[in-house]
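Peer 1: got a predicted structure here, sequence first:
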Amino acid sequence: MALFDKFKNIFSRENKSQEDKEIDKQKLDDSLNKTKSNFFDKISKKIAGKSKIDDNDLDDFEEILISSDIGVETTLKIINNLELRVKKNKYINTEDLYSILREEISNLFIQEDLEEFVIPKVNEPYVIMVVGVNGVGKTTTIGKLAYKFKSAGLKVVLGAGDTFRAAAVDQISIWADRVGVEIVKQEMGSDPASVAFDTLQSAKAKNADVVIIDTAGRLHNKINLMNELTKIKNVMHKIIPNAPHDVMLVLDASTGQNAIEQAKQFTAATKVTSLALTKLDGSAKGGVVIGISDQFNIPVRYIGVGEGIDDLQLFNSKEFVNSIFDN
């Protein structure tokens, strides 16, 4: 079976049973419960006893949106559009408020919702380089992705490129053993580019389908970060000219505005092509997904909705917004 078809099967909603779809929806709903409660509790207190919303109330809503970790830039977009609606109609009623907020937030997502994510057909291992600071769930995300790929029948190779922390190499090795995939690693303190070189050589020689390369999670100054990631990319090019095919930035949604700041640092240092947002479950800061999608024009591809090995979902903005606003 071609790589294209094998990968399509594991991430396709079309191929899921109705029961599995409902389980996924429930996990998403549960992971956003605190975000939803935080957001609507604040709004409810502001509009309690009111039948209409006018200009005087918009400052309050601006404060609510910012405090819900949507971010200043994105909040101003929403408030400006609310102001236009209020100016046109003189006021809006409280029912309209929720409808307009839902519509405006939906419009902020730049990507088309995917029923499936398909790796482009390539005649070489498909290489994903994963970046992000320590503690965001980067290695766990790599492990969960490897599990999904392996479950789809793909041959996966991991590269332990975070060589600055012994714990990082140990952690990704544990995931490799757990999932049952090959891992390439070197001694602590080795050159990460050397690890990437060895990993791609091994993957190519063994006809692997997917390679996932971990990188160091240090957020040092932009120049050093840029130089390090560029060096790793240049070494990859020597083995597989188009590698990496995807540079995935992993962010911890529970850190709110810190996640947005990290996104600024990494997008300034390298070309990020996809995002994974972890730890939505148990956090009241899920609104950061909205701000990140709006500000960086990079598709959010995956979200973490739990600690289980299969609790990594393909992101769908319609489902995300529906989960926040329904009921």
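Peer 2: Nice, I can see it.
Peer 1: adjacent strands (with direction) for the host helix or strand of R301?
Peer 2: Following DSSP states H and E, one finds R301 within strand 300-304. Sheet pairing for strand 300-304, assigned by DSSP bridges, gives strand 274-278 (parallel), strand 312-314 (antiparallel).
Peer 1: as a markdown table, those strands with mean neighbour count would be great.
Peer 2: Where C-beta positions appear, they are placed from N, C-alpha and C, glycine not excepted. Output for the strands paired with strand 300-304, formatted as a markdown table (neighbours: other CB atoms under 10 Å):
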| stretch | mean neighbour count |
| --- | --- |
| strand 274-278 | 24 |
| strand 312-314 | 21 |
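Peer 1: and those: which comes nearest D29?
Peer 2: strand 312-314 (11.8 Å; CB to CB).
Peer 1: so how far is S254 from the residue nearest to M188 when sequence neighbours are not counted?
Peer 2: Counting by CB to CB, 6 or more residues apart in numbering, M188 lies nearest to A166, which is 4.9 Å off, once chain neighbours are set aside. According to CB to CB, to the nearest Å, A166 stands 26 Å off from S254.
Peer 1: could you do N224 as well?
Peer 2: Note on N224: its distance to S254, by CB to CB, is 27 Å.
Peer 1: so between the two, which is more surrounded?
Peer 2: S254 (23 against 11; other CB atoms under 10 Å).
Peer 1: pretty sure the more buried one contacts S283?
Peer 2: Yes. Using CB atoms under 8 Å, S254 makes contact with S283 at a distance of 3.7 Å.
Peer 1: relative to K27, how far out is E187?
Peer 2: E187 is 39 Å from K27, by CB to CB.
Peer 1: between those two, which one's more packed in?
Peer 2: The neighbour count for E187 versus K27, taken as other CB under 10 Å, is higher for K27 (19 against 9).
Peer 1: and that one, what does it touch?
Peer 2: 281, 305-306, 311, 313 (CB atoms under 8 Å, 6 or more residues apart in numbering).
Peer 1: and those, which is closest to K50?
Peer 2: D281 (33.3 Å).
Peer 1: count of residues packed around that closest one?
Peer 2: Counted with other CB under 10 Å, D281 comes out at 21.
Peer 1: contacting residues around it?
Peer 2: If you count contacts by CB under 8 Å, 6+ apart, D281 has them with 27, 30-31, 304-307, 311.
Peer 1: keep only those of the residues you listed that are in helices.
Peer 2: Judged by DSSP state H, those include 27, 30-31 as members of helices.
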